[in-house]
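*Asks:* Build the 3D model from these lines:
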Amino acid sequence: MMKNIYIAIQIKENEKYYAYVLKTTDNNNLISVLDIKGIMTANVWSKKVCEKAVECWNENFKKNGTNMY
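*Replies:* Got it, this is the predicted structure:
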């Protein structure tokens, strides 16, 4: 049985930042999955922890004016 893996991702483009949760499975090649333009960090945590981290990061990007969206 395949197990889901959740990864909290931060990307940077043109001095702007964005974070999101990437869902994949344990049978995927992580190097291929993480071939993302501008990737800065990738943290494997539980789904709940990933969601909270991404929410916090994006909130801070907005507060300091460096958010991408």
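*Asks:* C-alpha from now on. contacts and neighbour counts both.
*Replies:* Fine.
*Asks:* for this structure, where's the lowest mean pLDDT among helices and strands?
*Replies:* When the helices and strands of the chain are scored by mean pLDDT, DSSP states H and E, helix 30-33 comes last with a mean of 94.
*Asks:* That one: what's the following helix or strand?
*Replies:* strand 39-45 (DSSP states H and E).
*Asks:* quick one: that next one to chain centroid distance?
*Replies:* 6 Å (Cα atoms, centre = their mean, to the nearest Å).
*Asks:* do the same with stretch 35-50
*Replies:* Worked out by Cα atoms, centre = their mean, stretch 35-50 lies 3 Å from the chain centre.
*Asks:* And for stretch 20-37?
*Replies:* Worked out by Cα atoms, centre = their mean, stretch 20-37 lies 10 Å from the chain centre.
*Asks:* Show residues contacting it.
*Replies:* With Cα atoms under 8 Å, 6 or more residues apart in numbering as the test, stretch 20-37 has contacts from 2-11, 42, 50-51, 54.
*Asks:* one more time with 10 Å, if that's ok
*Replies:* 1-13, 41-45, 47, 49-55, 57-58 (Cα atoms under 10 Å, 6 or more residues apart in numbering).
*Asks:* Flag every buried residue along it.
*Replies:* Going by neighbour count (16 or more other Cα atoms under 10 Å), the buried part of stretch 20-37 is 20-22, 24.
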